[in-house]
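S.K.: take a look and give me a structure for this.
(2 chains)
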Amino acid sequence: GAVVSQHPSWVICKSGTSVKIECRSLDFQATTMFWYRQFPKQSLMLMATSNEGSKATYEQGVEKDKFLINHASLTLSTLTVTSAHPEDSSFYICSASGGIGNTIYFGEGSWLTVV
Amino acid sequence: DAKTTQPNSMESNEEEPVHLPCNHSTISGTDYIHWYRQLPSQGPEYVIHGLTSNVNNRMASLAIAEDRKSSTLILHRATLRDAAVYYCILRDYQGGKLIFGQGTELSVKP
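M.R.: Predicted coordinates for the structure are as follows:
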């Protein structure tokens, strides 16, 4: 299947700082990318949908000024967690669609720990 | 978004077939049935999807009821590496977002 890669796999940051997570589609052009967060023992929660070159659409309850999403090219989307707090510690997962059959493929996920 | 219902957990023995059920009684005519699975600390992995006819691929088979209100993911010979949370998700044919439910946690005993 198609490959979606996230970087970094894990990151620790201090409270109040910002951290950026990258999501790349390696072998197809992703017209749409999605960002999820997942707490331990829970299911994935969709945060936002982004289309290349346009503003992201955020799900209800997700702060767009806190979770900045940029989808500048057909192979790269970034999620920036601004002014991070310990409660933002979570597993963040991106996914992308646009390959054969428009199937959605997921990245490996990024663990964020805010201390 | 149409909702799916899955058992919270299931157990299987290694090398035996596993049938994972999913109910989606409010499915619309344009919804595809998708299955993903997630191993611990990893992103979900695409397994299979279908619309009306049964589907087979190298990972699994998908059996879809004639009225499309339910489906079953079939793993023909479970291995220890198949232990994961399996998600059944409906997605519009135009290619919308995936909304995850709680899924079924499959454990495989040696």
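S.K.: burial of B:P21, as a residue count?
M.R.: When neighbours are counted by other C-beta atoms under 10 Å in any protein chain shown, B:P21 registers 15. In this view, the C-beta of every residue, glycine as well, is placed from N, C-alpha and C.
S.K.: so which bits of chain A are right by chain B?
M.R.: Taking C-beta under 8 Å from any C-beta of the partner chain as the contact definition, chain A meets chain B at A:1, A:4, A:6, A:32, A:34, A:36, A:43-46, A:49, A:91, A:93-95, A:97, A:102-109, A:111.
S.K.: excluding its backbone neighbours, what's nearest the closest residue to chain B within chain A?
M.R.: Per C-beta to the nearest C-beta, A:F106 is where chain A lies closest to chain B, at 3.6 Å. In this structure, A:F106 finds its nearest non-sequential neighbour in B:G43, 3.6 Å apart by C-beta to C-beta, 6 or more residues apart in numbering or on different chains.
S.K.: how about low-confidence regions in chain A?
M.R.: A:1 (pLDDT under 70).
S.K.: next up, phi/psi of residue 37, please.
M.R.: Defaulting to chain A. Backbone dihedrals for A:R37, given as degrees, to the nearest 10, come out at phi -130, psi 150.
S.K.: my question was about chain B, not that one.
M.R.: Per degrees, to the nearest 10, the backbone of B:R37 is at phi -130, psi 150.
S.K.: my guess is it meets B:P44, correct?
M.R.: Yes: checked against C-beta atoms under 8 Å, the pair B:R37 and B:P44 is within contact range at 6.7 Å.
S.K.: now, of the residues of chain A next to chain B, which are buried?
M.R.: Burial by neighbour count, 16 or more other C-beta atoms under 10 Å in any protein chain shown: within those this picks out A:4, A:6, A:32, A:34, A:36, A:44-46, A:49, A:91, A:93-95, A:97, A:103-107, A:109.
S.K.: out of the residues you listed, which sit inside helices?
M.R.: Among those, no residue falls in helices (DSSP state H).
S.K.: tell me which of the residues you listed fall in strands.
M.R.: Judged by DSSP state E, these include A:4, A:6, A:32, A:34, A:36, A:45-46, A:49, A:91, A:93-95, A:97, A:104-106 as members of strands.
S.K.: appreciated, that's everything.
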